[in-house]
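1. Okay, sequence plus prediction incoming.
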Amino acid sequence: MHVSVAGNIGAGKTSLTKLIAEHYNWQAHFEDVIDNPYLDDFYNHMERWSFNLQIYFLKSRFEQLIEIGKSNKNIIQDRTIYEDAFIFAPNLHSMGLMNQRDFKNYLSLFELMEDTISSPDLLIYIRNSIPNLVSKIHKRGREYENTISIEYLSRLNERYEAWISTYDKGKLLIIDANDLDFVDNKKDLDFVIQEINKELKR
């Protein structure tokens, strides 16, 4: 079983991934943000470092998927390779922060990778409003995220909604987290677990 958690910056992906892993005793694979050598530079100078950052994430996610493919364990993954290719990289390109040459190179690399990977059995998308995302980003206090603009988050949210509306690579569960606190409220977490159980039984 391979389950992935998707959502915008600050949506609660890592927290939910940890909670799901603990509940089902699944192995968790997290996004590489601590050891990522480009994040600080990217948020301070997006145009210069966008291609480097996206290539790093693409490589990291591809390595995860290779490992998941070899595993016989149940896996829960924090963010998918599809979000890199269909949301973050195109958004940077459309904002003029990644030039056409780099974007074309990036997409060609992703397409080569996509031919060798399997999509998750279940994708959990955490939906959040911009004010909710901003609040959570500020609450967790990562210094490199201080410069993230409302416009940037809004563009990402629009792309997430467009991507999810046409997602057809497997089962999809949408969790509207605007009125949920699955981290500190056990009832809210129980609700999410119940929704996951319904999908797993289908």
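-> Okay, I see it.

2. switch to C-alpha atoms for all contacts and neighbour counts from now on
-> Noted.

3. in what helix or strand does the closest residue to I164 other than its chain neighbours lie?
-> The shortest distance from I164 to any non-neighbouring residue, by Cα to Cα, 6 or more residues apart in numbering, is to Y125 (7.9 Å). Take DSSP states H and E as the rule and Y125 turns out to sit in strand 122-127.

4. pLDDT on that strand, on average?
-> Mean per-residue pLDDT for strand 122-127: 97.

5. With stretch 62-71 instead?
-> pLDDT averaged over stretch 62-71 gives 92.

6. what does that stretch rub up against?
-> H2, H29, I75, I81, M113, I117, S118 (Cα atoms under 8 Å, 6 or more residues apart in numbering).

7. Show me what counts as buried in stretch 116-130.
-> Neighbour-count burial for stretch 116-130 flags S119, P120, L122, L123, I124, Y125, I126, R127, N128, I130 (criterion: 16 or more other Cα atoms under 10 Å).

8. Quickly name whichever of the residues you listed is closest to I164.
-> Nearest to I164 among the buried residues of stretch 116-130 is Y125, at 7.9 Å by Cα to Cα.

9. Identify the bridge partners of that closest one.
-> Using DSSP bridges, the bridge partners assigned to Y125 are A6, I174.

10. residues contacting it?
-> V5, A6, G7, I164, L172, L173, I174, I175.

11. same deal with D181?
-> D181 sits next to D188, L189 when contact means Cα under 8 Å, 6+ apart.

12. quick one: secondary structure of it?
-> Using DSSP: H, G, I helix; E, B strand; the rest coil, the structure places D181 in coil.

13. all numbers from here: first residue = 13
-> From this message on, residue numbering opens at 13, which makes the last subject D193.

14. Name the residues of the helix or strand of the chain with the lowest mean pLDDT that are buried.
-> Least confident helix or strand, the chain: helix 142-152 with a mean of 82, by mean pLDDT, DSSP states H and E. Residues I142, L145, V146, I149 are the ones in helix 142-152 that count as buried (16+ other Cα under 10 Å).

15. Nearest to K213 among the buried residues of stretch 128-142?
-> K213 lies nearest to L134 out of the buried residues of stretch 128-142, by Cα to Cα, at 11.2 Å.

16. Would you confirm that that closest one contacts K183?
-> Yes. If you go by Cα atoms under 8 Å, L134 and K183 touch, sitting 4.7 Å apart.
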